[in-house]
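A.B. asks: Mind looking at a prediction? Sequence and model below.
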Amino acid sequence: MKLSELAKLTFSIIEQGDENLEINGAAGLNIAKEGEITFLANPKYTPQVSETKASAIFLNEKEKIDRKDIAILRTPDPYLAYARALRLFHPEPKPTPSIHPSSVIDETAKIAPTAQIMAHVVIGKNCEIGENVKIFPNVTIYDNVKIGDNTTIHSGVSIREGCRIGSNCIIQNNATIGSDGFGYARDEQKRWLKIPQVGIVVIEDDVEIGANTAIDRASVGETRIKRGTKIDNLVQIGHSCTVEEDSLICAQTGLAGSSHIGKRVTLAGQVGIAGHLKVGDDAVITAKSATSHNVEPGKVISGIPAFDNKQWLRSVSAFKRLGDIAKKLREIEQKILELEKALKER
């Protein structure tokens with residue numbers, strides 16, 4: 001691909017270099033080779049610019065480099081431009097329309113002619129599989145499931161009865177969509193009585209769900225993951241939760257039942273959300289934090305229990321000094337006791 005075409009497709013401007021330069025790949029500063037483009041988004045990696053073997057580099061509008069032998073593409077967001085370049089050089093392979101003879105598909109299921117169904121896939125009654133869907137081996141799809149166009153479902157995934165998967169979704173290996181929610185009531189003998197989980201899970205368009213993630217069906221109604229949300233590996237989303245558009249949920253996060261996560265929320269790794277809470281739009285909960293209260297829109301919170309991030313940072317800083325503070329308090333206490341003793345002896 002010529003540098004001029006790459007610039008156009010990544011919304012970048014050529015500042016330095018031959019527009020006819022051939023670029024055949026993209027890689028990080030330290031591993032990029034001749035013929036590839038790299039990027040600089042974090043100033044701490046600036047020293048690597050002098051050593052990179054890349055033929056071109058994405059830079060923001062202010063960054064300066066002292067090299068004349070490398071093409072420069074200016075862009076407001078080098079990381080975003082680099083991501084677009086990677087997508088250009090590594091496009092997703094299109095499905096090969098086919099149904100493997102070892103798959104088991106109920107006669108009532110409707111499979112689009114452009115779908116690819118691989119080995120040992122099981123598809124239940126009244127399912128609908130859209131155009132250009134790719135289903136990898138050993139996927140199990142229960143009855144009455146609908147899957148939208150251009151969705152990819154990787155090996156080992158289970159999609160339970162009645163669930164809805166939108167278009168352009170990616171479900172990574174061994175994720176489970178629509179397993180029973182964790183709902184029980186104590187009977188008169190204080191034994192746990194299972195509450196029927198008769199709702200469904202709805203995954204809207206452009207959602208990605210990581211490997212080994214579990215999204216529980218609602219007890220009644222639906223658990224809904226809205227458009228554009230990205231969910232990492234090993235995430236647990238309880239029954240009747242709602243996750244709004246373009247949220248980011250990182251690995252090992254757990255949402256208890258009926259949580260409501262707003263738009264563009266970021267939940268970092270190992271975050272815990274107690275049940276029936278609301279996290280407002282654009283909020284951020286940092287790694288290993290947990291909240292048992294609602295979170296206001298735009299707030300950044302940390303800790304267990306989580307509170308304002310800036311206050312938390314000050315608290316952590318003070319915590320590191322607690323030993324010294326305790327020592328000083330003991331010294332002050334001793335001096336006070338000595339002063340009191342001296343006053344009594346007068």
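C.D. replies: Great, that's in hand.

A.B. asks: Let me see the contact set for Tyr82.
C.D. replies: By Cβ atoms under 8 Å, 6 or more residues apart in numbering, Tyr82 lies in contact with 26, 37-39, 41, 58. Every C-beta, even on glycine, is put in place using the N, C-alpha and C of the backbone.

A.B. asks: Tell me which helix or strand Lys341 sits in.
C.D. replies: Element membership for Lys341, per DSSP states H and E: helix 322-345.

A.B. asks: Just the buried subset of the contacts of Tyr82, written out for PyMOL, thanks.
C.D. replies: In PyMOL, this line selects whichever of the contacts of Tyr82 come out buried by 16 or more other Cβ atoms under 10 Å:
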select buried, resi 26+37+38+39+58
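
A.B. asks: Kindly indicate which of the contacts of Tyr82 lies nearest Gly221.
C.D. replies: Ala41 (42.1 Å; Cβ to Cβ).

A.B. asks: Contact partners for the closest one?
C.D. replies: Shown in contact with Ala41 (Cβ under 8 Å, 6+ apart): 60, 77-79, 82.

A.B. asks: hmm, back to that, nearest to Asp232 among the contacts of Tyr82?
C.D. replies: Checking those against Asp232 by Cβ to Cβ gives Ala41 as the nearest, at 20.9 Å.

A.B. asks: What pLDDT is listed against the closest one?
C.D. replies: Confidence at Ala41, expressed as pLDDT, is 94.

A.B. asks: ditto for Arg321
C.D. replies: If you check Arg321, the pLDDT there is 85.

A.B. asks: That one: how many residues sit nearby?
C.D. replies: For Arg321, the neighbour count with other Cβ atoms under 10 Å is 10.

A.B. asks: What distance do you get for it to Gln334?
C.D. replies: Counting by Cβ to Cβ, to the nearest Å, the separation of Arg321 from Gln334 is 20 Å.

A.B. asks: Lys146 too?
C.D. replies: Distance, Lys146 to Gln334, using Cβ to Cβ: 75 Å.

A.B. asks: Which one's more surrounded, the two?
C.D. replies: Neighbours per residue (other Cβ under 10 Å) separate Lys146 from Gln334, with Lys146 holding more: 18 against 10.

A.B. asks: check contacts around the residue nearest to that one when sequence neighbours are not counted.
C.D. replies: Closest residue to Lys146 apart from its sequence neighbours, by Cβ to Cβ, 6 or more residues apart in numbering: Glu128 at 4.5 Å. Applying Cβ under 8 Å, 6+ apart to Glu128 gives the contacts 109-110, 145-147.

A.B. asks: which of the residues you listed has the most neighbours?
C.D. replies: Within the contacts of Glu128, neighbour counts (other Cβ under 10 Å) peak at Ile147, which reaches 27 neighbours.

A.B. asks: how does this structure divide up, domain by domain?
C.D. replies: Domains of the chain are assigned by automatic domain parsing as 3-89, 98-309.

A.B. asks: so where's the stretch 201-346 of the chain shaky on pLDDT?
C.D. replies: Judged by pLDDT under 70, the stretch 201-346 of the chain has no weakly predicted residues.

A.B. asks: all helices for it, in order.
C.D. replies: For the stretch 201-346 of the chain, the helices defined by DSSP state H, counting those that start in this stretch occupy 309-320, 322-345.

A.B. asks: Report the buried residues of the shortest one.
C.D. replies: It stands for helix 309-320. Using 16+ other Cβ under 10 Å as the test for burial, helix 309-320 gives 309, 312.

A.B. asks: Which elements pack onto it?
C.D. replies: Helix 309-320 sits against strand 300-302, with contacts defined as 3 or more Cβ pairs under 8 Å, 6 or more residues apart in numbering; DSSP states H and E.

A.B. asks: Walk me through which strands the strand it packs on pairs with, and which way each runs.
C.D. replies: strand 284-285 (parallel), strand 307-308 (antiparallel) (DSSP bridges).

A.B. asks: For that strand, what is the distance to the chain centroid?
C.D. replies: How far strand 300-302 lies from its chain's middle: 18 Å, per Cα atoms, centre = their mean, to the nearest Å.

A.B. asks: what's it in contact with?
C.D. replies: Counting by Cβ under 8 Å, 6+ apart, 283-286, 289, 291, 295, 307-310, 312-313 sit against strand 300-302.

A.B. asks: For that strand, buried residues please.
C.D. replies: Within strand 300-302, the residues scored as buried using 16+ other Cβ under 10 Å are 300-302.

A.B. asks: Out of the contacts of Glu128, which is nearest to Glu19?
C.D. replies: Among these, and counting by Cβ to Cβ, the member closest to Glu19 is Ile147, at 42.9 Å.
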